[in-house]
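> With the sequence up front, the predicted model follows.
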Amino acid sequence: MLQRQSTLFLPTLREDPADAEAASHKLLVRAGLIRQLGAGLWTYLPAGWRIHQKVEQVIREEMNAIGGQEMSMPVLTPAELWEASGRIRIPELFQLEDRSGRRFILPLTHEETITFHARELRSYRDLPKILYHFQTKDRDEPRPRGGLLRVREFVMKDAYSFDRDEEGLDVAFRAHADAYERIFERCGLEVVGVEAESGMMGGSESFDYLAPAGSGENTLVTCERGDYAADLEIAHGVPRAPELPERLGAPTEVETPGIETCEALAGFLGIDLSATSKAMPVVVDGAVVLALVRGDDRLDEAKLAAVLGGEVRGAQAEEIRDAFGADPGSLGPVGFSGRIVLDETLREGEYVAGANRTGFHLRGVEHGRDFEADHADIRVPKEGDACPRCGGALAFRTAIEVGHIFKLGTHYSAPLDATYLDEQSVERPIVMGSYGIGPGRVLAAAVEQHHDERGIVWPASIAPYDVHVLSLAGASAEVEELAASVADELSAAGHDVLLDDRDARPGEKFADADLLGCPSRVTVGRKSLEDGAVDVRRRSDDADSRVDRSSVIDWTAND
């Protein structure tokens, strides 16, 4: 196809948006590919939507290759389906009513809807199945940011597998994992598949696909020796050994007036920060729970929520005083009657903890002797931690989540009554998997990984156009005709071509071409009338080459 730039809605900008920090945010706006409608709401302009559609097509081809069947499900969803699954309480969920008072959901994902339809898979002969669609999702995101990285509305490809048993689910899960690797490779992305937390989706196991980037909402944790990778939310790191003072044999109270942080406590007592314990009271299902991590660590609320099996929020000051009899800053496990979850790093040794008496702490507090607790990995890994498998150094990289696959099991089929009859006519719940990719996230990640100081450098498979032909005509009709002829020939050869036929200065055309980032550029100017040659350049190169006009097709064929 051939698109003339003079008629294309492509409003490029010379300056970065004032509120933009991520490279993808800056460049997608400047290149005229997206525009903001409101907080977390983005419009894809024509060239940007072409990229989105190309990403979709790569995904579609790979989903079809593993037996996926494409369909389309509504955005508007009856609320009773979400009530049945128990997800109606998710705070990010948009909920509304029609004029008759019937309640509806604008879903983040379509598990409830597809499970409703899966009720028609009545026999073991109907299984397995893979169904998928591309559909708009909505999320009441409290802090939208980063352009396409954290939004309130987006398109997602979500696929769902339906099997008789866990063995069948394993096969479907592996097939999707392999397909995802091919998808990201075809889109030109460096992506790492890692163990992840299932979160609001539920289920027994999940893998996250993280694209390392300059900006992103996730952190990829990898071992320097290549034998470990995980999302930060589920990653386990081995911290340095604590520097503990001499054992006391029993807790000893010490007055600590005005001391409210572990850092201040360590300084006041002249001990290493690792010898203190950090009390983090939370509320789950209406009860106050005490989480304890080492003083030099941070609590990972996602890990804690997984341990507690419910939504977690920080305890309020009044709730803390009622549960502990002391103000925040003086809290500890000794004498606390509620549930305690202790990080693995505190299982052995004596630490300093709050005395549950305002202005006092206890030296020499030891788990098992002075208090009892559940123990789990609830800390956030950090720089300096060692790999849990080999002891190598862990590296932390900002990343964009571009895909996530889940083993749902019967998490949705059981409450929504999606069952089948097995060979013995016994009714059993269908075993499900869920598999998501965000084309917009893939697009943004491609920009984060492929850009330079001049603009975007699109991977060829998802570029808005294959070849950008620049006509440096000035007022010359002959140059315009030659450029149009070259563009027509490239289009006839099967390339998507953008012809810059605008009445603009050469510098503006070159700048816009670099900003847009099409893989190949062909420049036609007055000199082309004299020698029958044109300038050609790959977007990833720094210099033009001069080739005969008759060789342009061959040159692009070598792209």
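Yep, that arrived. Numbering: from 1, shown residues only.
> From one end of stretch 102-113 to the other, what's the distance?
Taking Cα to Cα, to the nearest Å, stretch 102-113 runs 17 Å from one end to the other.
> can you pull the buried residues of it?
Buried residues in stretch 102-113, defined by neighbour count with 16 or more other Cβ atoms under 10 Å: Phe104, Ile105, Leu106, Pro107, Leu108, Thr109, His110, Glu111, Glu112, Thr113. In short, each C-beta sits where N, CA and C put it, glycine included.
> can you give me the strands in the stretch 151-300 of the chain?
For the stretch 151-300 of the chain, strands defined by DSSP state E, counting those that start in this stretch occupy the ranges 153-163, 192-195, 205-212, 218-223, 229-231, 252-255, 277-284, 287-294.
> Val293 is in contact with Ser274, correct?
No. Ser274 lies out of contact with Val293 (Cβ atoms under 8 Å); the separation is 10.9 Å.
> How about the most centrally placed residue in the chain, nearest residue that isn't a chain neighbour?
For the chain, Glu401 is the residue whose C-alpha lies nearest the centre (Cα atoms, centre = their mean; 2.2 Å). Residue nearest to Glu401 in three dimensions, not counting chain neighbours: Asn218, with 4.9 Å by Cβ to Cβ, 6 or more residues apart in numbering.
> One more: Pro415?
Ala84 (5.2 Å).
> Taking strand 205-212 as reference, get the angle to the longest strand belonging to the chain.
Ranked by residue count and defined by DSSP state E, the top strand of the chain is strand 394-409. Calculated by axes from the mean of the first three to the mean of the last three Cα atoms, to 10 degrees, strand 394-409 forms an angle of 140 degrees with strand 205-212.
> Parallel or antiparallel, list what pairs with strand 394-409.
Strand 394-409 has its sheet partners listed here by DSSP bridges as strand 205-212 (antiparallel), strand 218-223 (antiparallel), strand 431-437 (antiparallel).
> which parts of that strand are buried?
Within strand 394-409, the residues that count as buried by 16+ other Cβ under 10 Å are 394, 396-409.
> after it comes which helix or strand?
Following strand 394-409 in sequence order, the next helix or strand is strand 419-421 (DSSP states H and E).
> per-residue confidence averaged over that following strand?
Strand 419-421 comes out with an average pLDDT of 97.
> same check, this time on stretch 338-354
Stretch 338-354 shows a mean pLDDT of 96.
> now stretch 96-112
pLDDT averaged over stretch 96-112 gives 96.
> Contacts for that stretch, please.
73, 75-82, 84-85, 87-88, 90, 92-95, 113, 133, 135, 137-139, 156, 158, 160, 200-201, 408, 412, 416, 432, 434, 436 (Cβ atoms under 8 Å, 6 or more residues apart in numbering).
> Run the chain-centre distance for that stretch.
Between the centre of stretch 96-112 and the centre of its chain there are 25 Å (Cα atoms, centre = their mean, to the nearest Å).
> before we move on, what about stretch 22-40?
Computed by Cα atoms, centre = their mean, the chain-centroid distance of stretch 22-40 equals 18 Å.
> And for stretch 522-539?
For stretch 522-539, the gap between its own C-alpha mean and the chain's C-alpha mean amounts to 43 Å (Cα atoms, centre = their mean).
> buried sites along that stretch?
Val522, Thr523, Val524, Gly525, Ser528, Ala533, Val534, Asp535, Val536, Arg537, Arg538, Arg539.
> Next, the distance between the ends of that stretch.
End-to-end distance for stretch 522-539: 11 Å, by Cα to Cα.
> so how far is His176 from Val55?
Note on Val55: its distance to His176, by Cβ to Cβ, to the nearest Å, is 17 Å.
> what do you get for Ala79?
Distance, Ala79 to His176, by Cβ to Cβ: 29 Å.
> between the strands of the stretch 151-300 of the chain, which gets nearest to Ala241?
Ala241 lies closest to strand 287-294 among the strands of the stretch 151-300 of the chain, at 11.0 Å (Cβ to Cβ).
> What residues sit buried inside stretch 309-328?
Buried residues in stretch 309-328, counted by 16+ other Cβ under 10 Å: Val312, Ala315, Glu319, Ile320, Ala323, Phe324, Ala326, Pro328.
> Spit out the contact partners of the closest residue to Ile405 other than its chain neighbours.
Leaving aside its sequence neighbours, Ile405 sits nearest to Tyr435 (Cβ to Cβ, 6+ apart; 4.6 Å). Tyr435 makes contacts with Tyr132, Asp158, Ala159, Tyr160, Ser161, His176, Tyr180, Gly403, His404, Ile405, Phe406, as judged by Cβ under 8 Å, 6+ apart.
> who's the fifth one bridged to?
I take that to be Ser161. Residues in beta-bridge contact with Ser161 (DSSP bridges): Ile130, Gly433.
> correct me, but it touches Met432?
Yes. Contact criterion Cβ under 8 Å: Ser161 and Met432 qualify, at 6.5 Å.
> Between these two, which has more neighbouring residues?
A count of neighbours by other Cβ atoms under 10 Å puts Ser161 above the other of Ser161 and Met432, at 29 against 25.
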